[in-house]
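Asker: just to be clear, the model below is a prediction. Sequence and coordinates:
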Amino acid sequence: MTTANKVTILRMALIPVFLVVLYADFRASGYVALMVFIVACLTDFADGYIARHYHQITNFGKFMDPLADKMLVMSAMCYFVEVRQMPGWCLAIVLLREFAVSGMRLVAVEQGRVIAAAWSGKIKTASTMVCLCIMMLLGEPWVPVPRVLNMVCIAVIAGTTVYSGIEYFVKNGDVFKDAD
């Protein structure tokens with residue numbers, strides 16, 4: 001198993017740790033959950049760098065890396081919807097975009113095509129992770145940050161998600177013309 005794949009597995013293992021700590025009720029649980037989330041986010045950048053730099057790109061990594069990203073982000077977003085810090089429509093936009101892009105990729109694979117991750121998708125992932133970190137801080141009573149920042153984060157998450165989804169379909173919509 002490559003180092004990059006081990007880092008991806010670490011991110012997957014951190015997701016249940018993040019959730020347990022996030023829902024725990026002890027004095028610093030929000031802070032500890034944020035730290036776990038940040039470490040998990042950093043593994044996303046680390047495994048991509050390692051895979052490209054050391055030529056460790058594998059089919060396992062191509063499948064598990066984006067899946068781990070989605071699981072980590074969706075876990076945090078579900079929590080924010082539950083505690084009413086994020087509206088459900090924002091989570092729905094993210095889910096619908098992920099299902100649509102994944103479906104398009106499946107159709108493309110049947111045609112022998114691979115749809116690589118676009119820069120807008122990478123920007124969406126990075127900005128969403130940063131916004132979720134900010135939102136975790138906003139949930140802590142000791143953080144003196146304006147609450148309007150929460151709405152800005154929701155707008156950034158929704159906006160980058162919609163933009164990247166549209167870009168994937170504009171650039172790769174021809175896969176549906178060839179599909180039967």
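Answerer: Yes, it's here.
Asker: could you measure from the closest residue to S120 other than its chain neighbours over to N150?
Answerer: Excluding its sequence neighbours, the residue lying closest to S120 (C-beta to C-beta, 6 or more residues apart in numbering) is S164, at 3.9 Å. Where C-beta positions appear, they are placed from N, C-alpha and C, glycine not excepted. In this view, S164 and N150 are 22 Å apart by C-beta to C-beta, to the nearest Å.
Asker: those two - which one has more neighbours?
Answerer: Counted by other C-beta atoms under 10 Å, S164 and N150 do not tie: S164 has more neighbours, with 22 against 19.
Asker: so which helix or strand takes in that one?
Answerer: helix 148-172 (DSSP states H and E).
Asker: tell me the contacts of H53?
Answerer: H53 is in contact with no residue at all, counting by C-beta atoms under 8 Å, 6 or more residues apart in numbering.
Asker: need phi/psi at T58.
Answerer: Main-chain dihedrals, T58, degrees, to the nearest 10: phi -130, psi 160.
Asker: how many neighbours does it have?
Answerer: As a burial measure, T58 scores 15 neighbours (other C-beta under 10 Å).
Asker: so which bits of the least confident helix or strand in the chain by mean pLDDT are buried?
Answerer: When the helices and strands of the chain are scored by mean pLDDT, DSSP states H and E, helix 175-178 comes last with a mean of 80. Buried positions in helix 175-178, judged by neighbour count with 16 or more other C-beta atoms under 10 Å: V175.
Asker: which residues are in contact with that helix?
Answerer: Against helix 175-178 from outside (C-beta under 8 Å, 6+ apart): M104, V107, A108, Q111, R113, I115.
Asker: ok, the third one touching V114?
Answerer: Spelled out, that is A108. Yes: A108 lies in contact with V114 (C-beta atoms under 8 Å); the separation is 6.8 Å.
Asker: these two: which is more packed in?
Answerer: A108 (18 against 9).
Asker: tell me the spacing between the residue nearest to that one when sequence neighbours are not counted and I115.
Answerer: Nearest residue to A108, sequence neighbours excluded (C-beta to C-beta, 6+ apart): V175, at 4.5 Å. V175 sits 8 Å away from I115 when distances are taken as C-beta to C-beta.
Asker: mutual contacts of the two, please.
Answerer: M104, A108.
Asker: what packs against the helix holding S164?
Answerer: Other helices and strands packing on helix 148-172, by 3 or more C-beta pairs under 8 Å, 6 or more residues apart in numbering; DSSP states H and E, are helix 88-110, helix 119-138.
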